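Asker: the following comprises the amino acid sequence and a computationally predicted model.
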Amino acid sequence: MVVIDKHAAHERILFEDMKKRMRDEGDTAAQLLFIPIELQLSPEERGAVADFASEFDKLGYGCSELDSGKTGLFQIPANLSPDAAAELFKTLAASLAEGSGTPRSERDALYERALYTASCKAAMKAGREDGGSASLEWLCSRALTDPAIRVCPHGRPVAVEIGKSGLEKLFNRT
Ligand SMILES: [Zn+2]
């Protein structure tokens, strides 16, 4: 029997997929939104988005400043729901803004840490029914087949396996 922590698994999948997008220049699978998502970003967060424009672009994001002063997301990564994509975008901008003033040499490390935080924010939450059975099936098959999905970005295991003897022990059968 394998028990999967869906938050940890989803967090790791999001993180791996984003890192993969950063590596594979060609893969920019994205969805255009008919109605842009409006986000209220602080001046620092807007600065971070401009500073990391090519990274956001590679992830599949497209945004522009609206007349209202808000930021409009008109394109999001193909593998995310609009809610999760907006959450991820905002968290990424906030963590990058917090690290402003980081020397150029540490830019990649700062970006990777921001990706961790953003994956955590956008991942399914434990104890909540999100996405229904189809997305749970997708999550399980990915967690069981992809060797990269073993531990979450914080290092916690994504799944634990309980064998026959382990189960018997739980029922005091040994
Ligand atoms: Zn998390």
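Answerer: Received it, and whenever you're ready, just let me know what you need.
Asker: what number of residues lie near the residue in the chain positioned nearest to the ion?
Answerer: For the chain, the residue closest to the ion is C120, as judged by C-beta to the ion, at 3.3 Å. C-beta here means a position set from N, CA and C on the backbone, and glycine is covered the same way. Counted with other C-beta atoms under 10 Å, residues neighbouring C120 total 19.
Asker: ok, and the helix or strand in this protein with the lowest average confidence?
Answerer: Least confident helix or strand of the chain, by mean pLDDT, DSSP states H and E, is helix 132-145 with a mean of 87.
Asker: so how far is E11 from E161?
Answerer: Taking C-beta to C-beta, to the nearest Å as the measure, E161 falls 20 Å from E11.
Asker: please say which of these two ends up with more neighbours.
Answerer: E11 (25 against 9).
Asker: what strand or helix carries the more buried one?
Answerer: helix 6-23 (DSSP states H and E).
Asker: sec struct for C63, please.
Answerer: strand (DSSP: H, G, I helix; E, B strand; the rest coil).
Asker: list the contacts of it.
Answerer: Residues near C63 by C-beta atoms under 8 Å, 6 or more residues apart in numbering: V49, F56, T71, G72, L73, F74, Q75, F89.
Asker: the residue of the chain closest to the ion contacts P153, correct?
Answerer: Yes - the pair C120 and P153 passes the contact test of C-beta atoms under 8 Å, sitting 7.3 Å apart.
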